[in-house]
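>>> From the sequence below, what's the structure:
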Amino acid sequence: MRTIGKYVIRGHLGRGASATVYKARLPVVDRLVAVKVLTPDETLLALLGEAELRSRFTAEARLLAAIEHPRLAAVLDYDLDAHGRPFYVMNYFCQNLGTLLGETYVADRPSRIVPVERAVRYALQILDGLSRLHDAGYLHRDVKPFNVMLDAEDQVKLIDLGLSTLRGEVRPGPKNLKVGTPFYSAPEQEEDPAAADERADLYGLGLTLWRMLTGRLPAERRADSRPPSRDNGLLDAEFDAFLCRAVHPDRARRFPSARTMAQALAALFSAWQARQARACRLAGPATPLAIPVPRLLRSTPLKVPLAAAVRLFPMDALGRPRTTPHHPLTDQGDGTVLDPATHLLWQRAGSPWPLRRPEAQTYVAGLNAARFAGRDDWRLPTVDELLSVLRPGAGPDPADWCAEPALDPGQRWLWSADRKSFTSAWYADTRLGFVAAQDCDCRLHARAVATAGAA
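Have a look, this model is predicted:
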């Protein structure tokens, strides 16, 4: 059993040029944590030296511990491992914005689009965290989706402050040493990292918001990139102007501070909501859609590895349903919703709190013991069944955007009955409309399903 200090390693979470992050368990209390260990690669070690790298690593831990803020990950412990390497411990987060978007390390590939209200909420929370850092005199210098963690309540936590620096601080090292991540680094930060200021962080946030709203990044270093509204019909000229200003290659043309940018985004979103509400009133009630020929979906759980998922599940490479459901669901008035197209009876809501996967199965067993809605055949849904009710975000049609969901939107992440491996299982994001795999130790909601007429 491998350990780092007193922490028992449960898996590998990520590896960068300077450090490795592990999922670990704190013995006795069985708490899951993330352990970040200084493990620089040979190139970085040769460029900066061990003493400088240790100094930067310790400074990152001290910064996270000193600036206590709800949008910044907290440091719980700091120590040396058996090899004398420093490590620090943070809360373990199952989700991050990069994986939620379906972004890969080939950053210019298309990704999932986030609904406007959710994307704006994430952006405002990131700006809140950046404001706290900037007020303390620090720059983050690596704002990107993979450095935005999401807790079980879908709240932002910024991580990876290893590149952060005090405003105006000049650190040892070659002048040509790149700081930040390609695509998300501001032009001035790539040219002269020591000369970058807060506006470089706002550039990274602007690109992250552009990615969330359009599923792509703008043409690199061009102020005249294709307008975001061309890729998302729910956006308008005001959003185009905001985003183009946020990622302008000339920092003098960007927002001057995180607080100013947040105020502008909040005002933009408020006006957008008012316009959408007017569009909803004009659209009137949605026209009922024809119900297709009923079909039965797979109800038997499977173990499906990642490599076989697209072949065995009816989804595309980004985990979205290959065909979008356009049939109405019927609220039964007893806490259940019927899908007449698939003969599935869904729990309208689900567990009131997020659960680990074994707890989700216990929750469903409790529904059967209590004969919820007069039935005792409730189960976790398969991926095929979840995909049958997922819609990958609202479309540009106001009637579509305004429609009230038949299933309770409060349960955003739902466990499926299908496993990926011994320690992970498949789940659905009900708001972005995709399926992916997650660690069974993560906390997601459970929504039970049954076959109508089978009880």
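>>> residues contacting residue 73?
By Cβ atoms under 8 Å, 6 or more residues apart in numbering, residue 73 lies in contact with 64, 90-91, 93, 149, 157-159. The way it works is simple: take the backbone N, C-alpha and C, and place the C-beta from them, glycine included.
>>> Output the below-cut-off pLDDT ranges for this structure.
Filtered on pLDDT under 70, the chain yields the residue ranges 1, 162-181, 220-225, 283-294, 325-327, 392-401, 403, 454-455.
>>> care to break it down by domain?
Domain ranges of the chain: 3-91, 95-279, 306-451, per automatic domain parsing.
>>> distance between the ends of the second one?
Just to be clear, that refers to domain 95-279. Using Cα to Cα, to the nearest Å, the end-to-end distance of domain 95-279 comes to 34 Å.
>>> And that domain, how far out from the chain middle?
14 Å (Cα atoms, centre = their mean, to the nearest Å).
>>> Okay, residue 116 and residue 184: tell me how far apart.
21 Å (Cβ to Cβ, to the nearest Å).
>>> typo on my end, residue 296
For residue 296 relative to residue 184 (Cβ to Cβ), the value is 46 Å.
>>> Let me see the ranges of the strands in the stretch 301-450 of the chain.
330-331, 336-339, 344-347, 413-419, 424-429, 434-439, 449-451 (DSSP state E, counting those that start in this stretch).
>>> on contacts alone, who are the packing partners of the shortest one?
In terms of contact count using 3 or more Cβ pairs under 8 Å, 6 or more residues apart in numbering; DSSP states H and E, strand 330-331 is assigned the packing partners strand 336-339.
>>> do the same with the fifth one
Under the contact criterion of 3+ Cβ pairs under 8 Å, 6+ apart, the helices and strands touching strand 424-429 comprise helix 383-387, strand 413-419, strand 434-439.
>>> Would you mind listing the buried residues in that strand?
424-429 (16 or more other Cβ atoms under 10 Å).
>>> Show me the two of the residues you listed that sit farthest apart.
Across the buried residues of strand 424-429, the longest distance by Cβ to Cβ is 15.6 Å; it joins 424 and 429.
>>> quick check, residue 117 in a helix?
Yes. Residue 117 forms part of a helix when assessed by DSSP: H, G, I helix; E, B strand; the rest coil.
>>> how near is it to residue 373?
In terms of Cβ to Cβ, residue 117 sits 31 Å off from residue 373.
>>> So which of those two has more stuff around it?
residue 373 (18 against 13; other Cβ atoms under 10 Å).
>>> Tell me who's in contact with the more buried one.
332, 334-336, 345, 347.
>>> Repeat the analysis, applying 10 Å as the threshold.
Residues counted as contacts of residue 373 (Cβ atoms under 10 Å, 6 or more residues apart in numbering) are 332-336, 345, 347-348, 367, 448, 450, 455.
>>> now those: which count as buried?
So, by 16+ other Cβ under 10 Å, the buried ones in these are 336, 345, 347-348, 367, 448, 450.
>>> Adding distance to residue 17 as columns, could you present the residues you listed in TSV?
Putting these into TSV (distance: Cβ to Cβ, whole Å) gives the following:
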residue	distance to residue 17
336	52
345	51
347	46
348	48
367	48
448	45
450	50
